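**Student:** predicted structure and sequence below. I'll ask about it afterward.
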Amino acid sequence: MGVSVVLRQVTKTYRVGDGSRVWAADSVSLDIAAGSRTALVGPSGSGKSTLLHLIGAIDHPDSGTITVDGQVLGDLAGAGLARYRAGVGFVFQQFHLVPGLSLLDNVYAPMVGRRRLVNRRGRALAMLDAVGLADRHRALPSQLSGGQQQRVAIARALVGRPGLLLADEPTGNLDSATAVEILDLLTRLQQEFDTTVVIATHDPGVAASCDDIFRVADGSVTADPDAPDRLAALLGGPRRAVEG
Ligand SMILES: Nc1ncnc2c1ncn2[C@@H]1O[C@H](COP(=O)(O)OP(=O)(O)OP(=O)(O)O)[C@@H](O)[C@H]1O
Ligand SMILES: [Mg+2]
């Protein structure tokens with residue numbers, strides 16, 4: 001099941017070389033509905049990746065609260081925090097597959113410590129099949145195209161059935177036709193698994209495929225109020241109706 005994500009007054013600063021501070025997130029409040037797809041758009045250095053890292057609890061805010069599925073992340077520590085992180089899927093611009101592992105082992109990897117999961121190899125194969133690469137399961141990442149590697153990365157991110165998928169520029173290294181394929185794949189899998197998806201992107205096509213768009217600038221976030229209308233125009237009608 002997709003989870004809701006709520007940020008309230010979230011601030012994250014980094015100290016840089018000369019002792020000054022960068023406000024990577026500046027009192028950010030935003031709401032992401034369970035099962036929705038949300039885009040974070042904005043120029044380089046505006047704070048998109050920072051927000052994904054905070055939501056994924058890879059990094060911690062200086063102040064403010066992040067609540068995912070009713071759970072305040074700041075209350076988590078130790079095993080609870082590890083469990084939360086393990087329950088979030090990540091997809092990156094550079095794919096980040098493990099070079100020495102086969103595709104199957106790359107997808108299997110997030111399940112290594114999870115002995116109670118039944119049929120982990122079968123799950124990994126099924127996930128590779130869902131992204132159209134089951135027949136290549138013995139191949140190494142270096143033997144694949146960029147788009148194929150991103151398919152594997154998506155399979156790896158979703159194999160544990162996360163309620164939340166965080167994607168940082170998932171189409172940033174792909175040509176536009178391949179980007180559309182990856183987007184279609186994400187859409188199909190998001191519907192199948194009912195996952196909440198948050199995507200940091202420079203790609204207007206990716207943003208237009210989202211239910212909500214937040215604009216990030218200098219660590220501040222504003223909702224794009226035109227997003228639903230623009231979507232409707234792009235799709236020739238209300239999105240929900242198109243989806244049936
Ligand atoms: N670990 C860090 N140490 C110091 N400053 C950082 C760190 N991580 C991010 N920053 C700074 O925080 C700001 C936001 O960075 P962030 O990576 O979130 O931007 P972004 O919107 O993802 O950019 P891009 O589109 O280039 O990926 C930038 O000014 C960046 O230099
Ligand atoms: Mg970034």
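**Tutor:** Okay, I see it. Ligands and ions are numbered 1, 2, ... in the order given.

**Student:** isn't residue 50 right next to residue 25, touching?
**Tutor:** Yes. Contact status for residue 50 versus residue 25: in contact at 5.4 Å, counting by C-beta atoms under 8 Å. The C-beta positions use only the backbone N, C-alpha and C, and glycine is treated the same way.

**Student:** find residues that contact each of the two.
**Tutor:** 12, 219 (C-beta atoms under 8 Å, 6 or more residues apart in numbering).

**Student:** could you pull out the helices for the chain?
**Tutor:** 48-55, 78-86, 103-108, 120-130, 146-158, 176-193, 204-208, 227-235, 239-243 (DSSP state H).

**Student:** out of these, flag the one nearest ligand 1.
**Tutor:** Proximity to ligand 1, assessed across the helices of the chain by C-beta to the nearest ligand atom, is greatest for helix 48-55 (3.2 Å).

**Student:** got a list of what the nearest residue to residue 152 once chain neighbours are set aside touches?
**Tutor:** Nearest non-adjacent residue to residue 152, counting by C-beta to C-beta, 6 or more residues apart in numbering: residue 103, 5.2 Å away. Contacts for residue 103 (C-beta under 8 Å, 6+ apart) come out as 97, 128, 133, 136, 137, 138, 139, 140, 141, 144, 152.

**Student:** ok, residue 200 next?
**Tutor:** 39, 40, 41, 48, 49, 51, 52, 167, 168, 169.

**Student:** who's in contact with the residue nearest to the spatial centre of the chain?
**Tutor:** Centroid-nearest residue in the chain: residue 166, 1.6 Å away (criterion: C-alpha atoms, centre = their mean). Contact partners of residue 166, counting by C-beta under 8 Å, 6+ apart, are 52, 55, 56, 88, 89, 90, 91, 198.
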